[in-house]
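> below are the sequence and a predicted model for it; my questions follow.
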Amino acid sequence: MPIKIPDNLPATGILQHENIFVMPENQAFHQDIRPLRIVILNLMPTKITTETQLLRLLGNSPLQLEVSLLHLQSHTPKNTPSSHLEMFYQTFDEIKHQRFDGLIITGAPIEHLEYEQVDYWEELTQIMQWKTTHVTSTMHICWGAQAGLYFHYGIQKYPLPEKISGIYDHQVTKHNTELLRGFDDLFAIPHSRYTDIRREDIEKITDLEILSESDEAGVAIIANPDSKQVFITGHLEYDLLTLKDEYIRDTKKGISIALPKNYFPENNPDRQPFHTWKAHANLLFSNWLNYYVYQQTPYELDKNETPIR
């Protein structure tokens with residue numbers, strides 16, 4: 001089934017070229033079906049790139065989706081045209097009276113700041129509180145995962161001696177979970193961050209389960225047993241060359257940074273990397289949409305008055 005997004009969103013043409021089934025708004029309007037309502041809170045500075053990455057994965061699902069894009073009123077992005085935000089994005093005030101089947105909270109390159117120092121922290125916490133009663137299931141990514149674990153459970157982040165950047169092998173640590181159904185025992189996830197969360201802090205919270213981790217990159221996928229909160233410390237949504245672009249960006253800024261690990265063949269940045277995480281990225285998003293959103297959400301969203309933990 002298709003993903004329903006605005007016809008003139010930049011991602012639309014890219015996804016159609018990649019043979020992702022994108023349905024025009026006019027066609028979707030005439031279909032007698034309730035699509036899943038997904039909202040993306042995009043905190044990344046390169047919003048157009050991030051929305052395309054996420055829509056690519058959401059669009060590979062057999063379910064019909066209606067996607068809304070959300071940005072924060074308390075922060076002015078520097079790398080996204082204001083015209084793009086005005087045309088395609090909404091604010092929290094505009095959607096807070098609505099209910100959604102799923103929410104995705106992206107990462108943000110602000111790990112060096114304490115949470116309370118982030119200029120939009122107050123607004124973000126309002127959204128994270130709102131989602132417990134207005135969203136069936138939420139996927140938190142990278143810094144969004146760390147922020148969610150801190151807000152909901154008080155779990156701290158810790159600075160790393162050097163940036164974790166690269167492609168890392170991960171093991172499934174909890175088998176027979178629907179989120180990782182169909183996963184290989186060993187699979188790759190891209191990581192790009194300066195801070196970490198610790199296994200021992202997560203294990204103190206009885207409402208959380210560690211589903212996957214890496215010997216090198218640490219805890220990777222965490223969820224609570226009722227499937228309402230999913231936390232992913234890596235970036236399965238990344239494109240093939242995202243880590244390369246970040247490496248070039250940082251070196252141009254004069255930042256001393258190592259090559260992304262396990263990424264460039266023979267550690268040669270002139271060689272094309274291999275896309276080793278695409279299949280599991282698609283599977284993770286498909287599983288989340290099917291088992292944690294579609295199978296759990298009520299047909300009539302407005303009648304769901306049960307608080308979501």
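Now that the structure is in, tell me what you want to look at.

> and Gly102, what does it touch?
Residues in contact with Gly102, defined by Cβ atoms under 8 Å, 6 or more residues apart in numbering, are 36-39, 135-139, 288-289, 292-293, 297. The way it works is simple: take the backbone N, C-alpha and C, and place the C-beta from them, glycine included.

> hmm, try it at 6 Å
The contact partners of Gly102, taken as Cβ atoms under 6 Å, 6 or more residues apart in numbering, are 38, 137, 293.

> got it, and Tyr238?
With Cβ under 6 Å, 6+ apart, Tyr238 has these contacts: Pro190.

> also Tyr153?
Ile205.

> quick one: the strands in the stretch 201-309 of the chain?
Using DSSP state E, counting those that start in this stretch, the strands of the stretch 201-309 of the chain run over 209-214, 218-223, 229-232.

> point out the other helices and strands that the last one packs with.
Based on contacts counted as 3 or more Cβ pairs under 6 Å, 6 or more residues apart in numbering; DSSP states H and E, the elements that strand 229-232 packs against are strand 135-141, helix 143-153, strand 218-223.

> hey, which of these is tucked in deepest?
Compared across these, strand 135-141 shows the largest average neighbour count, a mean of 26 (mean count of other Cβ atoms under 10 Å).

> can you give the strand pairings for it, parallel or anti for each?
Counting by DSSP bridges, the strands paired with strand 135-141 are strand 100-105 (parallel), strand 229-232 (parallel).

> specify the local secondary structure of Gly107.
coil (DSSP: H, G, I helix; E, B strand; the rest coil).

> contacting residues around the residue nearest to it when sequence neighbours are not counted?
Leaving aside its chain neighbours, Gly107 sits nearest to Cys142 (3.0 Å; criterion: Cβ to Cβ, 6 or more residues apart in numbering). Neighbouring residues of Cys142 by Cβ under 6 Å, 6+ apart: 107, 193, 235.
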